[in-house]
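Peer 1: Okay, sequence plus prediction incoming.
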Amino acid sequence: MTAWLRPLVILAGLCAAWYALVRLTGVPPYLLPDPPRVFEALYRRAGYLGENALHTLAEIVLGLGLGATLGMLTALSLARFATARRWLLPLVVVSQAIPVFALAPLFVLWFGYGMASKVAVACVVIFFPVASAFLDGLRRTDRGWVDLAQVMGAKPWRMLIHVRLPAALPSLASGLRLAAAIAPIAAVIGEWVGASAGLGFVMLQANGRLQIDLMFAALLVLAVMAVALYYATDTLLRWLVPWHPETTPTDD
Amino acid sequence: MQTASFPVSVTVHAARLEYDGAPLFDDLDFALAGGRWTCVLGPSGVGKTTLLRLIAGLAPRGGETRIVCDDGMPLAGRVAWMGQQDLLFPWLSVLDNVLLGGRLRGEPMGVTGRGTRARELLRLVGLDERMTARPDTLSGGQRQRVALARTLMEDRPIILMDEPFSGLDSITRWRLQEIAAEVLRGRTVLLVTHDPREALRLGHYVHVMAGRPARLDLPLALDGETPRRLDDGGLLRRESELISRLASAAAMMEPAR
């Protein structure tokens, strides 16, 4: 009960502080609107915001699915083939040195203003944490398990599928949690660079027209979506990897 | 229930293994008597576990190392391993952990009798009630009993054990020693342990490993049924003798540090 109550209390406290700040400093609403104005904008433009939120959500989910799948496949093949690891691992690491902001305009140029370029940006951003966390997990299998499987006569592929892969699932889960947390950021970056729909597009448009209340409303929707996505992912992963020490109750 | 063929003796000739450039052991000869328990005691770091890994094929055979079986067949594929930890897979049920070997070798899971045999073995170690449980819901002793059932499921003539009971409280350890002696009877067992009492209780031959490069002394040969009762005076005297030999073996390790 208190676990549910606490975030609500924090939220209410933040809103109160925000309201007090606006009242006390007398900031004009076109710089910082107070909460009632934002909620009013949220209500007034609910249809418009919902439509664009769905668009962004689709980009996030597609990017997450595609990026995570690519990341997992890469980690599996790098774990299995030492040659691939030697050649491709530096490439994977170097690819992370290129800021996504620099790539986003290119993706818009290649994949157009539509959804594909945003999915591509999200995919690129999500790929790395998933691939690196999973690969790390695959390479850190408990030596005792590997020894046991080896004495039992496991061939490398079976060792990978039946021992190293399940043993790496908790690491993969942390990678996926991180990916779920950054996926909304990636989609919005994609939308800022060039889009005709989505919450990032709404924010940019509203900002340009000094509809700051609408911008805040879009930001709010995005934040709620990001938090919901994170918790949904977390719940799903806890259910899929129930043996992970981190996910079993600590009070027993 | 037992289908592993007749006891197999194993002889290790001129074993050599280097660790950090220095030989951990060199020209080491060692024999496992068929169908008997051989126990190896020694101070930590002397290379007991490494010797076990060498026989299991988990450590590279250096120099002229040869390992032969008295029936002329290769050792590979005839060894079962029980480690310091129970090594149960937390994502598999107790029953699936017992069936692990077949799964890892890609043997068809539907083979008749496999499931039945796994259930029988779990009954043998007293865990048939917990077959569908996840390992993290079991106690340490129960987990080690599942590991024992998994070892038996492999049905290998040679069993290598690396301090399998060391993490358990003394009562649980006592019971598990009894179960292990019972169910592994007739197989060739190498048990590495740091507990002289465990060696005296279960072993037919007890070695002390000492020095660097390490040597094995002539084994202390014990007769009679295992697990032995420790309340007879002879065994207690031998225990104090073993402890003093272990103490001098540990003293030999000192200058190396």
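Peer 2: Received it, and whenever you're ready, just let me know what you need.

Peer 1: The host helix or strand of B:Arg123 and chain A, any residue contact?
Peer 2: Per DSSP states H and E: B:Arg123 is located in helix B:114-124. No: judged by CB under 8 Å from any CB of the partner chain, helix B:114-124 and chain A are separated, with a smallest distance of 14.4 Å. For glycine as for every other residue, the C-beta is placed from the backbone atoms N, C-alpha and C.

Peer 1: residues near B:Val8, how many?
Peer 2: B:Val8: 20 surrounding residues under other CB atoms under 10 Å in any protein chain shown.

Peer 1: thinking again about what came up before, what sits up against the helix holding B:Arg123?
Peer 2: Outside helix B:114-124, the residues that touch it by CB atoms under 8 Å, 6 or more residues apart in numbering or on different chains are B:1, B:94-95, B:98-99, B:102, B:107, B:128, B:130-131, B:146, B:149, B:152-153, B:183.

Peer 1: And stretch A:138-145, by the same measure?
Peer 2: With contacts defined as CB under 8 Å, 6+ apart, stretch A:138-145 is touched by A:75-76, A:79, A:160, A:163-165, A:167-168, A:171, B:83-85, B:87, B:89.

Peer 1: For B:Ile159, which three-state class applies?
Peer 2: The local conformation at B:Ile159, judged by DSSP: H, G, I helix; E, B strand; the rest coil, is strand.

Peer 1: any idea how far it is from B:Trp37?
Peer 2: Distance, B:Ile159 to B:Trp37, using CB to CB, to the nearest Å: 9 Å.

Peer 1: Name the residues contacting each of those two.
Peer 2: In contact with both B:Ile159 and B:Trp37: B:184, B:189, using CB under 8 Å, 6+ apart.

Peer 1: Those two: which is more packed in?
Peer 2: Shown here are B:Ile159 and B:Trp37; by other CB under 10 Å, B:Trp37 has more neighbours (27 against 23).

Peer 1: quick one, phi psi at the more buried one?
Peer 2: phi -100, psi 120 (degrees, to the nearest 10).

Peer 1: Name the nearest residue to it, ignoring sequence neighbours.
Peer 2: Excluding the flanking residues, the one nearest B:Trp37 by CB to CB, 6 or more residues apart in numbering or on different chains is B:Val189, at 4.4 Å.

Peer 1: was I right about the one you found contacting B:Val40?
Peer 2: No: counting by CB atoms under 8 Å, B:Val189 stays clear of B:Val40, with 11.2 Å between them.

Peer 1: need the residues of chain B near chain A, please.
Peer 2: B:53, B:56-58, B:77, B:79-81, B:83-85, B:87, B:89-91, B:100-101, B:103-106, B:134, B:136, B:154, B:160.

Peer 1: List the buried residues in the helix or strand containing B:Leu28.
Peer 2: B:Leu28 is part of strand B:22-32 when elements are defined by DSSP H and E. Buried residues in strand B:22-32, counted by 16 or more other CB atoms under 10 Å in any protein chain shown: B:23-26, B:28, B:30-32.

Peer 1: That strand pairs with which strands, parallel or anti?
Peer 2: strand B:10-19 (antiparallel) (DSSP bridges).

Peer 1: before we move on, back to that, so how far is the strand holding B:Leu28 from its chain's centroid?
Peer 2: How far strand B:22-32 lies from its chain's middle: 18 Å, per CA atoms, centre = their mean, to the nearest Å.

Peer 1: so for it, what's the average pLDDT?
Peer 2: Per-residue pLDDT over strand B:22-32 has a mean of 83.

Peer 1: who's in contact with that strand?
Peer 2: B:9-18, B:38, B:47, B:50-51, B:63, B:158, B:188, B:190, B:207, B:212-216.

Peer 1: Report all helices and strands that the host helix or strand of A:Ser77 contacts.
Peer 2: Using DSSP H and E, A:Ser77 maps to helix A:46-80. Where contact means 3 or more CB pairs under 8 Å, 6 or more residues apart in numbering or on different chains; DSSP states H and E, helix A:46-80 is packed against helix A:82-95, helix A:115-139, helix A:165-193, helix A:199-208, helix A:212-240.

Peer 1: Nearest residue to B:Gly102 in space, please, no chain neighbours.
Peer 2: Using CB to CB, 6+ apart, the nearest residue to B:Gly102 is B:Arg114, at 6.2 Å.

Peer 1: and the gap between that neighbour and B:Leu168?
Peer 2: For B:Arg114 relative to B:Leu168 (CB to CB), the value is 29 Å.

Peer 1: who has more neighbours, these two?
Peer 2: The neighbour count for B:Arg114 versus B:Leu168, taken as other CB under 10 Å, is higher for B:Leu168 (19 against 16).

Peer 1: For B:Ala221, which non-adjacent residue is closest in space?
Peer 2: Nearest non-adjacent residue to B:Ala221, counting by CB to CB, 6+ apart: B:Tyr205, 5.8 Å away.
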